[in-house]
Each structure stands twice: as C-alpha cells, then as structure tokens.
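Participant: Just need the structure, nothing else, for what follows:
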Amino acid sequence: MAPASTEPESPTPPSPFAILGAYLLFGTIVSFVFGREPGTLPDNIIKEVSPALIAICGFLARYALWDVIAVGLAKQDAGLLGKRHQDLPAMWPEEVFLAQRVQTNQIEQLPAYIVGALGCAIVVNGTVAGILALIWAILRHLYAETYRAGVGKSMDEIGLSRFTLPSYFAANIPLMATMVHAIRCLLSSE
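Facilitator: Just a heads-up that it's a prediction; the model follows:
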C-alpha cells in the first residue's frame, strides 16, 4: 500500500467547456449590452481603439523592460552568460527557469489579448475593450512579479491562480464579444 500524501490536493480546475461557456456568456452580454449596431464602425475609429492601444502598448513596454530583461539578469546572476551552449547546465537554476517561464507565458497569452482587445474595440465597443485590456495588463504584471518571486516555493505556495483565471477572462471576454458581434453582423438582414 502506498503511503498517504501529506501535501494538500490542488482543486480540480473546471472543464474547458465550462470555461468556454462562461467566456461565451460574458462575451454575448458585452456584445448585446455594450456593442454598437452589428456591422457598423465607430464614428472615429482611432479614438475608439485608443484605450485598447494604450493598454497594449503599455503592457508591451513593461514586458520588454521587466520580463525580457529579467531573464538576462537571472542568467547573469547565475553565471551563465559567459558559458558556451555545451557548457550550460542540463537543468536551469530556479531563478532562470522562473524568469524564462514568465517570459514564455506572457508571449503565449498575447495573441488572444491583442486580437480580443483590438477586435472588440473596432467591432463592439472601444471603452469596454480598453478597460478589459488594462485589467489584463495589470493582472499579468502581478502574475509575472509573483511568479519570479516564487523561488523555493511550490506552485500552490506561489498562488498564480489568483491572477491567471481573472486574466484569462479579461482576454477572452473581448475575444468572444468580437466573435458574437461578428456572427450577429453576418446574420443581420442588412
């Protein structure tokens, strides 16, 4: 008989279909409650996309200055910058691993964030898109700082889920609102 684990079990995440359903529900609400008439463009498209562009550009500058540079600094602190590829360790020091994981994960999130924010701003509502884009950027900043500070901690101790799930919603609600609004446009009689 295997010994009982002394570590607490992490909660089981909801199914992807349940999360998709929530994204669709909230995206539909944004489309119907805050959206323009489907198939119409804003009067001033530059003004409409500006809030989302401000959030996106601010996040990308922050990413370049904190997330990308953090990887180089962690490698420098670990004495890895002067080494040849074949002399690098098979397993990265934890500080380097966490910094690289943060950088990679930020990039993994960018397509949904950028397409959702800009699509929602152009097709649905620029103010809603800008607010959700800013919320996402703030949550991803907190995520990155918390993750990099997690040296010596378990994933549960780091506590990233308090940032990840809300940021997924902030990125995917405008994405789904854009999709719902586009479908409404295609189905409209005009």
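Participant: where's residue 47, which helix or strand?
Facilitator: Assigned by DSSP states H and E, residue 47 falls within helix 45-62.
Participant: same for that helix, what does it pack against?
Facilitator: Here helix 45-62 touches helix 94-123, helix 126-148, going by 3 or more CB pairs under 8 Å, 6 or more residues apart in numbering; DSSP states H and E. In short, each C-beta sits where N, CA and C put it, glycine included.
Participant: measure the residue positioned nearest the centre of the chain to residue 36 for me?
Facilitator: The chain has residue 109 as the residue nearest its centroid, 4.3 Å off, counting by CA atoms, centre = their mean. Distance check for residue 109 against residue 36: by CB to CB, to the nearest Å, it reads 27 Å.
Participant: Does residue 174 touch residue 114 like I think?
Facilitator: No: using CB atoms under 8 Å as the test, residue 174 is too far from residue 114 to be in contact (10.3 Å).
Participant: Comparing these two, which residue is more hemmed in?
Facilitator: Under the criterion of other CB atoms under 10 Å, the comparison of residue 174 against residue 114 puts residue 174 first, with 35 against 17.
Participant: Tell me where this protein is predicted with low confidence.
Facilitator: 1-8, 10, 190 (pLDDT under 70).
Participant: how about a cut-off of 50?
Facilitator: For the chain, not a single residue meets the criterion pLDDT under 50.
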